[in-house]
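> structure for this input, please:
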Amino acid sequence: MKLHELAAQTFANIEQGDPHLEIFAAAGLDLAEPGDVTFLANPKYTPQIQATRASAIFLNEREICDRRDIAILRAKDPYLAYTRALRLFNPDPPTRASIHPSAVIDETAKIAETVEIMANVVIGKNCEIAENVRIFPNVTLYDGVFVGAGSVIHAGVAVRENCEIGARCIIHNNTTIGSDGFGYAKDENKHWLKIPQIGRVVLEDDVEIGANTAIDCASVGETRIKSGAKLDNLVQIGHSCTVEEDALICSQTGLAGSSVIGKRVILAGQVGIAGHLRVGDDVVITAKSATSHDVEDGKIISGVPAFDNRDWLRSIAAFRRLGEMARTVRDLEKRLAELEKD
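Below you'll find the predicted structure:
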């Protein structure tokens, strides 16, 4: 791909370099070779510009580069431009319309002609698989599952009965969609009585679910992951939860039942959300934090229980000085006692 074509498709401007220079791949500063385009987004890595072997580099509008032997592409967001370049050089392989002989497909299932179904896939009654879906080996779709056009379901995934997968979704290995919600009532003898879980899970369009994640169905109604949301590996979504558009949920985060996660929320690793809560739009909850209360739109919170991130940072700074403060208090108590003797 010529440099001017790359610039056009990544919304960058050529500041320096031959517009007809051929670019073949994208790579990080320390890994790039001649013919590659790289990027700088974090000032920490600025010194690597002098050593990179890349033929071109995405830079923001302020970054200074005094090398004359490298093409410079100016972009408002170099990381975004680099991501677009990676996608250009590494497109998804086309779907090969085929059904492996070992696949078990119920005769009532409706399978589009352009679907690729690999070995040992099981598809239950009344399922519907739309165009250009790719289903990897050992996937199980229970009865009544719908999979939208262009979605990819990786090996080992199980999608339980009546769940719906939107268009262009990606579900990674060994994830379970629609497992029973964790619902029990205590009977007269203090034994746990299982509450039937008869709802379903809906993934809207352009959702991506990481490996080994579990999304529970609702006891009634539905658990819904809305368009553009991204879930990492090892995430637990409890029954009847709603995750709004473009939320980002990182690894080992857990949502208790009936939680609502707002639009564009970021839940960092190992965050815990108690049940029946609403986390407002554009909230950020930092790693290893937990909340047992609703969170207003736009807040950044930290800690257990979580509170405003700035207050949390001040509290942590004070916590590290507790030993010193305790010694100071003891010294003051000793001096006060001596004064009182006088």
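> partner strands of the host helix or strand of Ile177, parallel or antiparallel?
Using DSSP states H and E, Ile177 sits in strand 176-179. With DSSP bridges as the test, strand 176-179 is paired with strand 158-159 (parallel), strand 214-216 (parallel).
> any chance of TSV for the ones you listed, columns mean neighbour count?
Placement of C-beta: from N, CA and C, glycine included. Shown next, in TSV, are those (neighbours: other Cβ atoms under 10 Å):
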stretch	mean neighbour count
strand 158-159	24
strand 214-216	24
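> figure out which of those is closest to Val260.
strand 214-216 (14.7 Å; Cβ to Cβ).
> next one: the closest one to chain centre, how far?
Offset of strand 214-216 from its chain centre (Cα atoms, centre = their mean, to the nearest Å): 15 Å.
> next: stretch 112-128.
27 Å.
> now do stretch 320-332
43 Å.
> what's in contact with it?
Residues outside stretch 320-332 that contact it (Cβ atoms under 8 Å, 6 or more residues apart in numbering) are Ala318.
> average pLDDT for that stretch?
Here stretch 320-332 scores 85 as its mean pLDDT.
> could you do stretch 84-94 as well?
pLDDT averaged over stretch 84-94 gives 95.
> in it, which residues are buried?
Along stretch 84-94, these residues count as buried under the neighbour rule (16 or more other Cβ atoms under 10 Å): Arg84, Ala85, Leu88, Phe89.
> now, the most widely separated pair of those?
That would be Arg84 and Phe89, which, of the buried residues of stretch 84-94, are the farthest apart (Cβ to Cβ) at 9.9 Å.
> give me the spatial nearest neighbour of Ala185, chain neighbours excluded.
Nearest-residue entry for Ala185: Leu193, 4.9 Å, with adjacent residues in sequence omitted and distances by Cβ to Cβ, 6 or more residues apart in numbering.
> count of neighbours near that neighbour?
11 (other Cβ atoms under 10 Å).
> with Arg321 instead?
Neighbour tally, Arg321, other Cβ under 10 Å: 10.
> same question, Leu21
17.
> got a list of what it touches?
Here Leu21 is in contact with Lys2, Leu3, Ser55, Ala56, Ala71 (Cβ under 8 Å, 6+ apart).
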